[in-house]
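J.: Build me a structure from this.
(one chain, ligands or ions: 1)
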Amino acid sequence: MAKAFIVGHPIKHSRSPLIHGHWLKAYGLDGSYERIDVEPVNFGEFLRSFRSRGFAGGNVTLPHKEAAFAGVDRRTAQAQRVGAVNTLWAEDGLIWGDNTDVTGFMAHLDASLGTGWEQDVDTALVLGAGGAARAVVAGLQDRPIKRIFVANRTGSKAEDLARDLRPGSPVGLETSAWEALGRVIPHAQLIVNTTSLGMAGQPSLTLDLSRSPRRAAVADIVYVPLKTPLLAAAAAQDLRTVDGLGMLLHQAVPGFRRWFGVTPEVTPGLRALILADIEGTR
Ligand code: NAP
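T.: Here you go, the predicted model:
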């Protein structure tokens, strides 16, 4: 039986077991996916011992993504670029690490806006400069868009992100002061919120979208609630919207394929299951 895990601290609220459990059942596979709570001080030992405990690999979540990055033997190009690892597996005696938030975000963007959406986008605006912002910017840099602006409350973190991710990419990567967002928004055909603003219990993200380009798209990676105040404001301006749940579902695909040997599909049924869990109606 193939076994996988999600490791974090705390870990009890993770929805990943629900996602992988759904796929194991849907594909009739003999496998398991379990939550493991590991304190930071014990993470290095966990990383070295998961294979001898019979695991094919697993997901890594807060606060271990940087420790996983530092501790693996090999990293995919995406993990290397983002500086964090959220997916582990063993191959030829080595521990590999990937960052699937990159493909997770991009796959959902493609599915929501339709392939070729880049034709309408020459400027993207990414709000936030944390771990998720790095994954989003790395994904957008692979697409034929002209420039990306990053704006963050703490400006120095946006500068750090731009300095780290600029090399090797033909896409212009610039920073904007948080206070100057009003000057960038009218030029941005794609806006992505990667801050925690808008999440249940957090203040809303309030942007003036009245001067957004006509067919602009607004994506929010926050998915609790699914319709964030930002997405509601975008819809009120007749802009296209992309919610955060699809990223969560799509980022799980590469890991499942590695551990269980089947490429799982993100279906309306899976989405409904996780949505019901978010809304407390499951
Ligand atoms: P993080 O590294 O802690 O970064 C948090 C970001 O939010 C920083 O840019 C921070 O700005 C900003 N922020 C927090 N409070 C703010 C406020 N009051 N005003 C303005 N900016 C504020 O977190 P992360 O891992 O990048 O995750 C960010 C969000 O994305 C979380 O809500 C997380 O749940 C969500 N997420 C979703 C998915 C998905 O699959 N959909 C995947 C990953 C993350 P400062 O630097 O100024 O503090």
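J.: Near the ligand, which residues of this protein? Just list them.
T.: Residues of the chain found near the ligand (Cβ under 6 Å from any ligand atom) are 101, 128-133, 152-154, 157, 194-197, 199, 203, 221-223, 244, 247-248, 251. Quick note: C-beta positions are derived from backbone N, CA and C, even for glycine.
J.: please redo it, this time with the cut-off set to 5 Å
T.: Within the chain, the positions adjacent to the ligand are 128-132, 152-154, 157, 195-196, 199, 221-222, 244, 247-248 by Cβ under 5 Å from any ligand atom.
J.: tell me which element the residue lying closest to Leu165 once chain neighbours are set aside is part of?
T.: Excluding its sequence neighbours, the residue lying closest to Leu165 (Cβ to Cβ, 6 or more residues apart in numbering) is Val137, at 5.4 Å. Assigned by DSSP states H and E, Val137 belongs to helix 131-141.
J.: how about the following helix or strand past that helix as PDB, C-alpha atoms only?
T.: Using DSSP H and E, the helix or strand that follows helix 131-141 in sequence is strand 147-152. C-alpha atoms of strand 147-152 as PDB (Å, rounded to 0.1, in the frame of the first residue of the first chain):
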ATOM      1  CA  ARG A 147       5.700  43.200 -17.000                       C
ATOM      2  CA  ILE A 148       4.700  42.400 -13.400                       C
ATOM      3  CA  PHE A 149       4.300  44.900 -10.600                       C
ATOM      4  CA  VAL A 150       4.600  43.600  -7.000                       C
ATOM      5  CA  ALA A 151       3.200  45.700  -4.200                       C
ATOM      6  CA  ASN A 152       3.400  44.900  -0.600                       C
END
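J.: in its sheet, what does strand 147-152 sit against?
T.: strand 123-127 (parallel), strand 172-177 (parallel) (DSSP bridges).
J.: what's it in contact with?
T.: 122-129, 133, 137, 140-141, 158, 161-162, 171-178, 180-181, 184, 188, 195 (Cβ atoms under 8 Å, 6 or more residues apart in numbering).
J.: residue contacts, the closest residue to the ligand within the stretch 101-250 of the chain?
T.: Closest residue of the stretch 101-250 of the chain to the ligand, Cβ to the nearest ligand atom: Gly130 (2.1 Å). Contacts for Gly130 (Cβ under 8 Å, 6+ apart) come out as Lys157, Thr194, Thr195.
J.: one more time with 10 Å
T.: By Cβ atoms under 10 Å, 6 or more residues apart in numbering, Gly130 lies in contact with Asn152, Thr154, Lys157, Leu161, Thr194, Thr195, Ser196.
J.: What does the pLDDT read for it?
T.: Gly130 is assigned 94 on the pLDDT scale.
J.: buried set for stretch 167-179?
T.: Buried residues in stretch 167-179, defined by neighbour count with 16 or more other Cβ atoms under 10 Å: Val171, Leu173, Thr175, Ser176.
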